[in-house]
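Novice: Build me a model from this:
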Amino acid sequence: MPTLIESVSALSIWGSIFASLVLGCFMFVQSFLDAQRRFRLLAFAAVCFGNLGTDLLFPVLDKSLYELLRVIGWALYGPAVLFLLGGKLSSAAGAAGGILVAGLSTYLFVDRNLATTITLPLSFFTAAVSHARSYRASQGYSSCVLTAVSFCQALQCSFFFSIISLGVPAFNALGYVHYGANTVAGVLLGWVHLPREVRGRSPVKIPLKKALLFFAAFTVAELFIFPALLGGAPFAFQIAGAFSLVQIGILVAFFFYHRHLLVEFTDDVSALLSERTALLEDARQALALQNQIQAEKLEEQARSLRDQSEVIERQRRLELAAQTAGQASHDIRNLLTPLINYLDILERGSKVNITPQELGRRMRRTVNDLGELNGQLLSLARRGQLELTPLSLHELAREVASRIEGVDLELCAEEESWVSGSWGQLARALTNLIVNAREASNGQRVSVGCRAAVVTAEKRCHLGHLLPGRYVILQVIDKGKGIPREIIDKIFEPFFSSKRSGSGSGSGLGLSIVAAVVEDHKGVLDLTTNSDGTKFELYIPQVSPSDRAELPVEPKRVLLVDDDALLLDGLRHDFERLGCEVSAVSNGKEALQVMEQSALDLIILDLRLPEMDGADLLQELGPLTPIASIVIYSDFISSEDTLRLSAMGATACVSKPASARELLRAAGKAGKVSVAA
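Specialist: So this is what the prediction gives:
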């Protein structure tokens with residue numbers, strides 16, 4: 001069973017170990033609060049933990065190895081203090097090297113038991129000098145206390161081997177108690193206040209005279225302890241113990257004398273918050289700088305991607321233009337070849353089994369096909385140049401369906417079907433869909449519908465994403481065999497056609513134009529297909545009734561001149577629904593007769609007429625209709641034609657197809673027809 005003296009010695013050693021643990025943990029935590037000195041704090045904490053580990057492993061280590069590890073560990077303590085207090089790394093490394101050389105030389109060549117007696121005093125003396133330099137710079141409380149404590153620890157370690165050599169257990173116990181008490185007091189009363197002092201926020205300033213007085217009193221007390229034990233003076237143990245208590249009392253009294261200032265500073269929440277706020281602000285600025293750098297990198301990447309996308313898009317447009325030009329040239333050549341042959345027959349008077357009437361019909365059909373191809377190409381060319389006006393898809397669907405046979409029409413309420421768009425482009429897109437559906441249905445009727453709908457959830461469609469909102473939906477449904485899976489992704493490519501070569505049906509531009517028109521109107525196209533048929537749905541954004549233009553209120557008397565009976569009937573019905581008195585004729589002679597018999601407000605005139613073309617009729621109508629507006633309404637009108645016809649008296653020129661409202665608005669913009677805005 002251990003004696004009282006052995007128990008006191010063990011308690012003192014464990015107190016010293018506990019002080020090293022607390023100091024190491026304290027500095028480790030401080031490293032997270034002081035980013036600027038994090039490496040210095042971590043280095044010091046590592047030295048503390050290293051020495052702590054050596055002491056804890058003492059029972060299982062060989063004594064010689066234990067002494068060697070202590071020499072190495074404690075040789076680093078003083079230089080670690082020097083580095084912590086702002087010393088250069090090279091200076092700390094030099095000090096560590098010098099102390100190690102002295103300690104290891106003693107260990108290897110003199111006496112292993114004296115190695116720590118050489119190492120520890122040198123290391124503590126280095127720490128004392130470092131604290132003294134720190135005090136000189138800051139006059140801080142902690143530096144003042146730790147200078148005295150470190151210097152006295154250097155003295156203790158210098159005398160301790162001699163005390164142990166006396167072989168008096170009581171003296172050994174007193175030495176351990178004294179060293180442990182100084183170590184614990186130095187940590188609790190000095191080290192815990194040092195981090196703020198290192199950051200330039202010294203809690204208490206100690207004047208030089210007061211600091212010298214404290215240092216002298218603390219050191220004098222130390223000088224009475226170990227010499228008394230070594231000299232063997234009477235009552236040496238009692239004298240050493242008394243001065244040990246006096247020394248601790250001096251340190252405690254010095255602390256309590258400044259305690260109110262230390263506590264006040266520690267409890268100064270506003271100052272603490274200010275410090276933490278400054279640290280957080282520094283961190284925020286660093287994070288903002290990183291975010292800015294990252295944003296600049298992302299912007300540079302986005303710019304690079306945009307440039308690459310533009311190059312790819314430009315290349316795609318060039319390839320598409322080349323493909324379109326090549327295919328259009330091929331189709332035009334195919335249409336011109338029979339036309340030239342027909343002209344050769346007429347010029348040479350060759351004998352063929354074709355009547356002149358049949359030859360004329362074939363030539364007209366070929367010219368119509370050329371006009372249709374020209375119209376399709378023109379629709380593609382007008383992309384991005386649309387003049388969008390409020391229009392009713394209800395009316396557009398009814399008018400387009402009325403021109404084509406075999407169509408069942410289902411319409412929603414007209415007042416719900418208003419969109420902002422181009423009548424001509426939407427009509428051409430719907431026409432292309434109906435024609436394709438009619439050909440796919442093999443003679444069966446095609447269903448065309450128009451209805452308003454509210455989309456509440458985003459939907460992935462065949463071409464694009466349908467976002468929530470209000471839409472007007474145009475539907476075209478056929479009863480065909482459906483679109484084969486292997487070509488469904490190709491049907492919107494220009495000049496792609498699933499029809500048999502040489503069938504003479506279609507230019508391959510129909511669905512390309514449909515997709516382009518829907519995109520230009522900020523709409524979405526969806527389709528479903530199976531063996532029972534195919535359904536195309538065009539979603540066009542709906543506009544509110546307050547956004548649409550009011551219906552025209554003038555003119556009252558209208559003349560329609562066109563040789564297309566279906567178109568003529570549809571237009572006549574549209575104008576009559578608007579309250580107009582309508583006369584409809586199919587040639588120029590009949591138009592002249594109507595003009596001679598009654599006054600007119602508006603004349604809708606086709607350029608391609610039998611016997612007398614539209615331009616000739618326009619010249620004849622000039623003196624007869626000095627007040628009426630004349631709108632040229634034809635398949636294709638070039639810029640040159642527009643200038644020429646305007647000079648001849650035409651009010652406006654409109655390309656087919658267009659509704660009665662579109663024709664009225666065209667005349668109204670010219671100022672000759674009153675149209676309510």
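Novice: and the residue nearest the centre of the chain, how far is that from residue 482?
Specialist: In the chain, the residue lying closest to the centroid (CA atoms, centre = their mean) is residue 298, at 8.5 Å. For residue 298, the distance to residue 482 equals 45 Å [CB to CB, to the nearest Å]. In short, each C-beta sits where N, CA and C put it, glycine included.
Novice: now swap in residue 527 and tell me
Specialist: Distance from residue 527 to residue 482, counting by CB to CB: 10 Å.
Novice: list residues touching both of these two?
Specialist: Shared contacts of residue 527 and residue 482, defined by CB atoms under 8 Å, 6 or more residues apart in numbering, comprise residue 534.
Novice: Pick out whichever of these two has more residues nearby.
Specialist: More crowded of residue 527 and residue 482, by other CB atoms under 10 Å: residue 527, with 19 against 15.
Novice: Could you grab the helix/strand/coil label for that one?
Specialist: strand (DSSP: H, G, I helix; E, B strand; the rest coil).
Novice: could you list every residue that touches it?
Specialist: With contact set as CB under 8 Å, 6+ apart, residue 527 has these partners: 462, 483, 534-537.
Novice: Quick check: the two most widely separated of these?
Specialist: Among the contacts of residue 527, the pair separated by the greatest distance (CB to CB) is 483 and 537, at 14.3 Å.
Novice: can you list the domains in this structure?
Specialist: 4-267, 388-547, 557-669 (automatic domain parsing).
Novice: now those domains in CSV, with distance to residue 338 and mean pLDDT?
Specialist: Output for the domains of the chain, formatted as CSV (distance: least, CB to CB, whole Å; pLDDT from 0 to 100):
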stretch, distance to residue 338, mean pLDDT
domain 4-267, 87, 81
domain 388-547, 10, 79
domain 557-669, 20, 78
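Novice: can you redo those as a markdown table with distance to residue 362?
Specialist: Compiled in a markdown table, those are given as follows (distance: least, CB to CB, whole Å):
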| stretch | distance to residue 362 |
| --- | --- |
| domain 4-267 | 90 |
| domain 388-547 | 12 |
| domain 557-669 | 16 |
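Novice: how about the helices in the stretch 51-200 of the chain?
Specialist: Applying DSSP state H, counting those that start in this stretch to the stretch 51-200 of the chain gives helices spanning 63-84, 89-105, 115-138, 141-165, 169-189, 194-198.
Novice: who wins for proximity to residue 491 among the ones you listed?
Specialist: helix 89-105 (73.7 Å).
Novice: Remind me what that closest one packs against, helices and strands.
Specialist: Secondary structure elements in contact with helix 89-105, counted by 3 or more CB pairs under 8 Å, 6 or more residues apart in numbering; DSSP states H and E, are helix 63-84, helix 115-138.
Novice: go again using 10 Å as the cut-off
Specialist: For helix 89-105, the elements it packs on are helix 38-56, helix 63-84, helix 115-138, judged by 3 or more CB pairs under 10 Å, 6 or more residues apart in numbering; DSSP states H and E.
Novice: Off-centre distance for it?
Specialist: The chain centroid and the centroid of helix 89-105 are separated by 55 Å under CA atoms, centre = their mean, to the nearest Å.
Novice: So for it, what gets flagged as buried?
Specialist: Neighbour counts over helix 89-105 (16 or more other CB atoms under 10 Å) mark 92, 95-96, 99-100, 102-104 as buried.
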